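Novice: I need the structure of the sequence given here:
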Amino acid sequence: MQRSSLLRVHRRVWVVLGGLVVEAGCLWIWHVSPSLTSIYNAEYTREFFAVFPWLTALADSEPFSDAASATAWLVAGLLLMTAGYLLALLGWRNGLATWLVIGFAAAFRVTVAALPGLFSTDVFSYVMYGRIAAVHAQNPYLAPPSAFVDDPFLGWVFAFWRDQPSVYGPLWTDLSQALSWLTADWPPFAQVQAYRATIIGFEALGLVALWWLLGRLQPGERPRLWLLYAWNPLVVFDLVGATHNDAVMLTLLLFGLALLLARRRVGAVAGFGLVALSALVKFTTALVVPLTAVAWARQSRDPSHVVLRLGMSLGLPLALAIGFWWPWFASAAPLLDAAGGRLSINSAPDVLALSFADPELARFWTRSIARGVFAVWFAWEMVCLWRTHASMQSAIAASARLLLGLPLLVLSWVWSWYFSWALVLAVLAGSRSRLLRLVVAYTLVVLPVVYAHQYLNEEFAPGWVLGMALAPLSVVLPIRRAGVARKLFETGGNKAMNLRTLPMPWGITIVRVMAGLIITVAAFEKFNGGGFDAFTRTSANLGLPLPGFWGVFIPLLELIGGLMVLLGLGARWAACLFIVEYFVTGFVLKIPRQPPFGGWDSMRIDLMLWAAVLAIAAVGPGAFALESLVLRRGRADLPMAGRAVPG
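Specialist: Purely as a prediction, here's the structure:
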């Protein structure tokens with residue numbers, strides 16, 4: 001009993017440590033947000049400190065002199081949040097106190113809700129569209145903000161969006177109209193806070209709905225899966241900190257799914273109504289309506305009931321769409337123009353088109369092919385749900401897959417918070433789902449990439465967008481191979497053999513310790529050889545983009561990551577970063593160059609380290625890893641030294 005209590009304390013310590021690291025990342029971003037957002041909304045920051053002057057001393061208000069430095073500071077905060085998130089997941093064990101998970105989630109939200117500088121100007125556009133409808137009695141789908149030059153709030157709207165009519169659904173326009181009618185005479189800062197409070201309140205209700213759904217679908221994993229969503233850096237930073245109305249859309253979707261899973265006819269019809277309303281905030285979740293409608297209809301074996309259910313589940317959303325659109329709809333041209341993509345550089349198919357001789361023609365074909373693939377994929381999901389009489393859970397999983405594919409294949413402008421759409425549904429599939437691993441990987445990759453792109457603009461290599469779209473796939477592709485390899489080695493490859501050998505985990509331990517030692521020593525050599533400034537010059541001489549960023553990032557990665565590999569604490573996550581580093585140094589930088597920096601003699605150490613970190617990422621850190629010793633996992637499963645490996 002005493003040992004069991006000690007283990008619970010150890011596990012709780014790791015989750016608490018992870019929560020503290022996430023909160024440290026939130027506080028870091030809070031501190032630098034006035035400097036990082038001064039080019040977007042300096043007026044908001046001034047008003048914030050006018051209302052809360054006692055917080056001025058806690059923030060850094062000096063604007064950064066260059067975009068690369070600003071990017072590095074922001075990415076550092078996001079990576080700190082990511083590190084804490086992964087640490088909490090690594091240390092998780094069933095039986096941990098629920099109050100820890102909920103308490104930290106609340107703390108993160110309080111911190112980012114009080115940011116003195118906002119990293120998105122969308123909330124200012126929300127206010128302006130509401131004022132167009134409520135104060136000026138005009139149609140925000142036809143009249144852009146720039147048409148109201150005398151409106152005192154126009155100066156708060158980011159210049160890029162002043163000529164853009166509303167791109168949101170009619171339910172959001174109605175809600176905005178009501179909020180702006182109530183706050184029309186308030187100061188601009190107070191109007192923004194009213195919108196932010198409304199969206200953050202909806203996000204909190206969404207967490208309540210998610211908790212209930214997980215209790216219904218994944219009761220044994222509810223706290224951990226809820227943590228996977230509620231602690232996710234993208235959700236905290238984008239939906240709460242940047243205050244996007246996607247939180248309203250997702251909350252309505254979750255409440256709709258809760259009613260659908262109640263298995264009562266009246267509740268199911270109301271559930272389809274809420275799912276439809278979520279699509280009338282932003283159009284994305286319209287994909288969920290036909291998928292869930294087919295699943296609900298095919299739960300009945302009576303053909304007449306199937307037709308009746310399809311009519312009810314599709315007819316009600318159609319009626320709601322007509323009813324809410326009727327006062328506003330005059331022309332689809334502004335919406336179609338926005339859907340054409342003013343920010344095509346964020347779209348992977350469009351970036352791919354830039355590599356062709358005729359980018360415009362190539363863009364037409366890449367978009368057409370990508371959207372054609374998505375249409376076939378959607379039809380296939382519908383057919384599978386219909387033919388298999390699939391459950392509502394299967395429809396939710398299909399919706400998550402399609403909502404992940406939507407920003408990757410269809411949308412012509414892509415932002416990080418778009419991946420929250422798939423995440424909120426993927427957690428309902430359970431922690432063993434490959435889909436969940438893939439979606440979480442996307443949320444962690446796109447967040448720093450998208451914001452780095454936002455700050456660096458043309459200095460940002462378009463290839464990063466393709467990397468953002470493709471790199472997360474690596475978390476699902478090698479898993480089956482690693483499992484097969486582990487099974488093969490455990491049997492020795494030949495059942496007739498029964499050799500007295502050291503266990504396989506001890507072999508990977510030798511690889512891990514030597515690789516970690518080499519990498520850590522290399523980091524110290526960089527610091528002793530001139531530090532960040534010297535390696536920044538080296539990065540520039542190699543022709544790397546953003547040498548100022550890599551001059552700081554690589555030495556820190558090799559120092560911190562090398563120690564993680566050496567000690568076996570989060571070694572697999574660190575190894576994933578080193579896989580990228582040594583692939584680039586070995587194959588991209590050294591193959592084209594002549595000795596002494598290039599050529600075989602120079603690149604062979606990179607290849608050896610690349611092979612080592614690939615092995616660590618594939619099979620784990622092995623024996624005597626700090627995470628195994630502290631978390632008490634893995635050691636009891638190792639066979640004793642000198643015993644025969646089972647054949």
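
Novice: C-alpha from now on. contacts and neighbour counts both.
Specialist: Fine.

Novice: from what I see, residue 321 and residue 280 are in contact.
Specialist: Yes: the criterion here is CA atoms under 8 Å, and residue 321 meets it with residue 280 at 7.0 Å.

Novice: ok, the two, which is more surrounded?
Specialist: residue 280 (24 against 19; other CA atoms under 10 Å).

Novice: now do the same contact list for that one.
Specialist: 168, 169, 170, 171, 172, 321, 324 (CA atoms under 8 Å, 6 or more residues apart in numbering).

Novice: now do the buried residues in the strand or helix carrying the fourth one.
Specialist: This points to residue 171. Per DSSP states H and E: residue 171 is located in helix 170-183. Using 16 or more other CA atoms under 10 Å as the test for burial, helix 170-183 gives 170, 171, 172, 173, 174, 176, 177, 178, 179, 180, 183.

Novice: list the helices and strands that helix packs on?
Specialist: helix 122-134, helix 188-217, helix 303-325 (3 or more CA pairs under 8 Å, 6 or more residues apart in numbering; DSSP states H and E).

Novice: reformat the ones you listed as JSON lines; add mean pLDDT.
Specialist: Shown next, in JSON lines, are these (pLDDT from 0 to 100):
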{"stretch": "helix 122-134", "mean pLDDT": "95"}
{"stretch": "helix 188-217", "mean pLDDT": "95"}
{"stretch": "helix 303-325", "mean pLDDT": "91"}
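
Novice: name the helix or strand of this structure that has the lowest mean pLDDT.
Specialist: In the chain, no helix or strand scores lower on mean pLDDT, DSSP states H and E than helix 479-490, which sits at a mean of 37.

Novice: quick check, central residue of the chain?
Specialist: Centroid check for the chain by CA atoms, centre = their mean gives residue 443 as the closest residue, at 1.6 Å.

Novice: the helix or strand hosting that one: what's the following helix or strand?
Specialist: Assessed by DSSP H and E, residue 443 sits inside helix 434-456. Following helix 434-456 in sequence order, the next helix or strand is helix 463-470 (DSSP H and E).

Novice: just the CA atoms of that next one, as CSV, please.
Specialist: What follows is helix 463-470, C-alpha atoms only, in CSV (Å, rounded to 0.1, in the frame of the first residue of the first chain):
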residue,chain,number,x,y,z
GLY,A,463,8.7,24.6,-48.4
TRP,A,464,7.8,24.9,-44.7
VAL,A,465,4.1,24.8,-45.7
LEU,A,466,4.6,21.5,-47.5
GLY,A,467,6.6,20.2,-44.5
MET,A,468,3.8,21.3,-42.2
ALA,A,469,1.3,19.3,-44.3
LEU,A,470,3.5,16.1,-44.6
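
Novice: what sits up against that helix?
Specialist: Counting by CA under 8 Å, 6+ apart, 346, 347, 348, 351, 352, 408, 442, 445, 446, 449 sit against helix 463-470.

Novice: next: stretch 209-224.
Specialist: In contact with stretch 209-224 (CA under 8 Å, 6+ apart) are residues 89, 92, 94, 98, 101, 225-226, 251, 254-255, 258, 428-431.

Novice: and the gap between residue 269 and residue 370?
Specialist: Distance, residue 269 to residue 370, using CA to CA, to the nearest Å: 34 Å.

Novice: about what we covered before: save the contacts of residue 280 as CSV, and put in distance to residue 391 too.
Specialist: Formatted as CSV, the contacts of residue 280 follow (distance: CA to CA, whole Å):
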residue, distance to residue 391
168, 31
169, 29
170, 31
171, 29
172, 31
321, 26
324, 30
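
Novice: nearest to residue 508 among those?
Specialist: Within the contacts of residue 280, the smallest distance to residue 508 is 52.9 Å, found for residue 168 (CA to CA).

Novice: pull the number of nearby residues for the closest residue to the closest one other than its chain neighbours.
Specialist: Nearest non-adjacent residue to residue 168, counting by CA to CA, 6 or more residues apart in numbering: residue 282, 5.5 Å away. If you count neighbours by other CA under 10 Å, residue 282 ends up with 20.
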